[in-house]
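[1] give the three-dimensional model of this entry:
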Amino acid sequence: MWREYAAADFRWGTADPTVVSLEILTVLGAGPLCCYILMLLARSDPARHYWIVVLSTAELYGGMAYRQPEFGYLESTLPLGLSRSYEHHVRKSFSPDLSNLTTSSRWVIIPIALMVDSYGHIAGSLRAITKAKTN
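    So this is what the prediction gives:
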């Protein structure tokens, strides 16, 4: 897969500090956090909702940071050494192809759905505590 990335963006084909640091965060941060959330889920621990919000926020931010050049910043990034094939990749990734839309949108829809669900659990718990204190 990295060869496909490297064809569009040379930084994926080398030890670019930005890419390496992002991958380190993913491997050492998000991976263990996913395992921790699964452990909390298996134990039915409601604390998982906080960590789901943290991880989902990180996923949405990471997706935005990765896709940012595709939303009007492409020309300003080309002097940084990004190839014209990256521009082609961007245009292709935003084609009106339904299969591409469903593939890309899951990285936004799933974290938002998890955040909405966790919000419901956290807010419901806080409302119950507040109601119990006032009674």
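
[2] roughly how far apart are Ser44 and Gly120?
    Relative to Gly120, Ser44 is positioned 16 Å away (Cβ to Cβ, to the nearest Å). C-beta: built from backbone N, CA, C; applies to glycine.

[3] when these two are compared, which one has more neighbours?
    Gly120 (11 against 7; other Cβ atoms under 10 Å).

[4] and the more buried one, how far from Ala30?
    Noted for Gly120: a distance of 23 Å to Ala30, by Cβ to Cβ.

[5] buried ones in the longest helix along the chain, by neighbour count?
    When the chain is scanned for its longest helix (criterion: DSSP state H), the result is helix 98-134. By 16 or more other Cβ atoms under 10 Å, the buried positions in helix 98-134 come out as 111, 114-115, 118.

[6] which strands and helices sit next to the host helix or strand of Pro32?
    Pro32 belongs to helix 31-42 when assigned by DSSP states H and E. Packing partners of helix 31-42 (3 or more Cβ pairs under 8 Å, 6 or more residues apart in numbering; DSSP states H and E): helix 48-67.

[7] can you name every helix or strand that the helix it packs on contacts?
    helix 31-42, helix 98-134.

[8] lowest-confidence helix or strand of the chain?
    helix 74-77 (a mean of 49; mean pLDDT, DSSP states H and E).

[9] can you count the residues close to the closest residue to Ser118 other than its chain neighbours?
    In space, and not counting its chain neighbours, Ser118 is closest to His49: 3.8 Å by Cβ to Cβ, 6 or more residues apart in numbering. A count of nearby residues for His49, using other Cβ under 10 Å, gives 21.

[10] any idea of the pLDDT on His49?
    pLDDT for His49: 98.
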